[in-house]
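> Sequence first, predicted coordinates after that:
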Amino acid sequence: VVVTAGGDPAPAAPPAATAPPADARSFLLASAEKAERAPAAAGRYWYTEYTTGQVIDTKTDPATVRPPADGRRPRPEKLPYTYELRHGQRSWIARDGDDPSRTVTGIGAEAVFPTPEDEAAWKRAGSEPLVPEELRRESVNDYDMAIFYQLGNGRLSTADLRKLPTDAAGLAAELRRRFDADARRSEADARGADPEVRRFIEETRPSFSEFVFTAAADLLAGPLTPGTKAALYRVLAARPDVRSPGTATDPLGRRGVALVLPMTASDQALGVRLIIDPESAELLAYDSGVLTMSYTRTGWVDRIGARP
């Protein structure tokens, strides 16, 4: 069940599809072959259009506790429902750092209830607006500075991304170099921290597979060359703990092949999932369980406002 910024209901996305488990390695190697056959196009701006979804669990998250309306001090009321806040964004990231970039946020903001029971509980609680005021209208943001992409704890410009190795061995070595640098920095931070902070740093330090999987989530929808994208798929294929449960439907209703990697943060195991289009080898969605990013259009254009 969907409630838009204006409060009108809309149909919910269909449930995830299921299929027999797929061979992740074979799928990733096939995706690599498709990726490297893509045209090596380039333009002035890298265009990205995507929808972000954030699960708001008011039944367990203390940040969502509603204080008493009369201003008194009785125990605050915990709202008895869960919903997902979705909103779209478009961005034009300049290939040259001297050119301006632009993002447009707050596109089609809506609240999506996972079950009819959650929607009914929301109505019983007063049907208060769930879309924040800042997302109720589109906002255009221009940047006269270079925009960077994340790779571990490091930042890369569009030009840096396009210089990454195009062979699997070279890209794996570069990722390992960055992973080791992050690990050394993390160890130094842990040595100088108090015991509780040190314990947290040590328990949340990623494995190399987690580092590679996160890099894929951050970069596959970005301006990689076809060779680097293919190499990244081959590096993922070499990680034995990357698995595929089969086909899945992303939050926008598109079907693809799911890739999963169990991740451990503190004492809680988190499942992270990528959904890849088997025909185009494009990233459809990233899903951490509480945050999703669904990519609808990416590619090179020559001016702000154009779409590929």
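Great, that's in hand.

> Per-residue pLDDT of the residue nearest to Arg124 when sequence neighbours are not counted, please?
Sequence neighbours aside, Pro80 is the residue nearest to Arg124 in space, at 7.8 Å (criterion: Cβ to Cβ, 6 or more residues apart in numbering). C-beta here means a position set from N, CA and C on the backbone, and glycine is covered the same way. Pro80 carries a pLDDT value of 81.

> helix or strand for Pro80, which one?
In the assignment (DSSP states H and E), Pro80 maps to no helix and no strand.

> Contacts for the longest helix seen in the chain, please.
The residue-count maximum for a helix in the chain (DSSP state H) belongs to helix 168-191. The contact list for helix 168-191 (Cβ atoms under 8 Å, 6 or more residues apart in numbering) reads 151-154, 164-165, 197-198, 201-202, 205, 208, 211-212, 215, 228, 231-232, 234-235, 238.

> Can you get me a residue count around the residue lying closest to Glu134 once chain neighbours are set aside?
Nearest residue to Glu134 in three dimensions, chain neighbours excluded: Gly106, at 6.9 Å (Cβ to Cβ, 6+ apart). The local packing count at Gly106 equals 19, with neighbours defined by other Cβ atoms under 10 Å.

> follow-up on the earlier one: now, which of the contacts of helix 168-191 lie within strands?
When DSSP state E defines the strands, the subset of the contacts of helix 168-191 inside them is Leu151, Gly154.

> Can you flag the buried ones in the contacts of helix 168-191?
Buried by 16 or more other Cβ atoms under 10 Å: 151-152, 164-165, 205, 211-212, 215, 228, 231-232, 234-235, out of those.

> got those residues as a markdown table, with distance to Lys123 columns?
Formatted as a markdown table, these follow (distance: Cβ to Cβ, whole Å):
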| residue | distance to Lys123 |
| --- | --- |
| Leu151 | 44 |
| Gly152 | 44 |
| Leu164 | 50 |
| Pro165 | 54 |
| Arg205 | 44 |
| Phe211 | 44 |
| Val212 | 44 |
| Ala215 | 43 |
| Thr228 | 49 |
| Ala231 | 51 |
| Leu232 | 45 |
| Arg234 | 50 |
| Val235 | 48 |
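
> neighbours of the residue nearest to Arg124, just the number please.
When neighbours are defined as other Cβ under 10 Å, Pro80 has 14 of them.

> Below-threshold pLDDT in this protein: ranges please.
For the chain, the stretches with pLDDT under 70 are 1-22, 58-78, 263-271.

> all strands of it, in order?
Using DSSP E, strands in the chain cover 2-4, 9-10, 45-57, 82-94, 101-112, 139-143, 149-151, 154-156, 243-249, 255-265, 268-276, 283-287, 291-301.

> who does the third one pair up with?
If I follow you right, that is strand 45-57. Sheet pairing for strand 45-57, assigned by DSSP bridges, gives strand 82-94 (antiparallel), strand 291-301 (antiparallel).

> will you turn these into JSON lines that also has distance to Gln54?
Below are those laid out as JSON lines (distance: least, Cβ to Cβ, whole Å):
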{"stretch": "strand 82-94", "distance to Gln54": "5"}
{"stretch": "strand 291-301", "distance to Gln54": "6"}
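
> before we move on, back to that, can I have the longest helix of the chain written out in CSV, keeping just the CAs?
The C-alpha coordinates for helix 168-191 follow below in CSV (Å, rounded to 0.1, in the frame of the first residue of the first chain):
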residue,chain,number,x,y,z
ALA,A,168,40.4,-8.6,-13.1
ALA,A,169,43.9,-9.2,-11.7
GLY,A,170,44.7,-5.5,-11.8
LEU,A,171,41.4,-4.4,-10.3
ALA,A,172,41.7,-7.0,-7.5
ALA,A,173,45.2,-5.8,-6.7
GLU,A,174,43.9,-2.1,-6.6
LEU,A,175,41.0,-3.1,-4.4
ARG,A,176,43.3,-5.1,-2.1
ARG,A,177,45.7,-2.1,-1.8
ARG,A,178,42.8,0.2,-0.8
PHE,A,179,41.4,-2.5,1.6
ASP,A,180,44.8,-2.9,3.3
ALA,A,181,45.2,0.9,3.6
ASP,A,182,41.7,1.2,5.3
ALA,A,183,42.6,-1.7,7.6
ARG,A,184,45.9,0.0,8.7
ARG,A,185,44.0,3.2,9.4
SER,A,186,41.3,1.2,11.3
GLU,A,187,43.9,-0.5,13.4
ALA,A,188,45.6,2.8,14.3
ASP,A,189,42.2,4.3,15.3
ALA,A,190,41.5,1.2,17.5
ARG,A,191,44.9,1.5,19.3
